[in-house]
Structure formats: C-alpha cells, structure tokens
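Visitor: Take a look and give me a structure for this.
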Amino acid sequence: MALEMLVGLCVVGEAGYQLYRDEMIPILESYGGGFGYDFKVSEVLKSQTKAPINRVFTIFFPDQYSRDSFFSNAEYLQVRQRHFEKSVSTTTIIATYER
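Guide: Got it, this is the predicted structure:
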C-alpha cells in the first residue's frame, strides 16, 4: 500500500516554485514517488490553520521508508534550499494516509 500526503502551501514565487518542482521531480521519481493531484486555489473557505494556502496537492511514495529517504536526500535538500525556501512562505500537512 502506498503512503500519500495531502499538502497545502502558500506559494509566493511561482517561477522559483516551478524551478523547485522541475529539479525535484526526477529525485522524487527515483524513490518511486510522484504527484497525484495538484491545484492552485484562489479561496480557502475553511481551514484549521492560520497559514495561508494557495496550492494544494497530493504526493505519494511506495512506503514510509521511501518518503523519509527522499526528504533526507542530500541532492533534494540542496534543491529545496535553492528554490523552495525562497518561493514558499508556509507549508501545511493536511493529512497523511495509506492508499
């Protein structure tokens, strides 16, 4: 069974975030991961956090080990530092579940 996360972000730099996605996807795929859904949202009607959200997506992995290995991968962390940290102001993990 795959592990999937539902994530909300506040993207403040579209170009930088797209560079992040472009560079991290090959690393993600090398761990058997990928994106299931990806939405740009213009209005949040209800939230359990005060963090703003304008992007919602699902990201999946074959298992928890693959997820943890991906997020601790040195190359991924460099990509994250170069692009994600400048282009995303907040991250909200809405849910993690098996599918």
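
Visitor: Show me the contact partners of the longest strand seen in the chain.
Guide: Counting residues, the longest strand in the chain under DSSP state E turns out to be strand 88-98. Strand 88-98 is contacted by residues 1-13, 17, 20, 49, 51-53, 56 when judged by Cβ atoms under 8 Å, 6 or more residues apart in numbering. (C-beta placed from N, C-alpha, C; glycine too.)

Visitor: What about those, which are in helices?
Guide: In this view, the contacts of strand 88-98 that belong to helices under DSSP state H are 17, 20.

Visitor: Quick check on the contacts of strand 88-98: which are buried?
Guide: 2-9, 11, 17, 20, 53, 56 (16 or more other Cβ atoms under 10 Å).

Visitor: Strands of this protein, start to end?
Guide: With strands called from DSSP E, the chain shows them at 3-11, 34-40, 55-61, 88-98.

Visitor: can you redo the ones you listed as CSV with mean pLDDT and distance to Ile25?
Guide: Shown next, in CSV, are these (pLDDT from 0 to 100; distance: least, Cβ to Cβ, whole Å):
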stretch, mean pLDDT, distance to Ile25
strand 3-11, 98, 15
strand 34-40, 98, 8
strand 55-61, 98, 11
strand 88-98, 98, 16
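
Visitor: Dump those to TSV, plus distance to Arg82.
Guide: Shown next, in TSV, are the strands of the chain (distance: least, Cβ to Cβ, whole Å):
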stretch	distance to Arg82
strand 3-11	16
strand 34-40	20
strand 55-61	19
strand 88-98	12
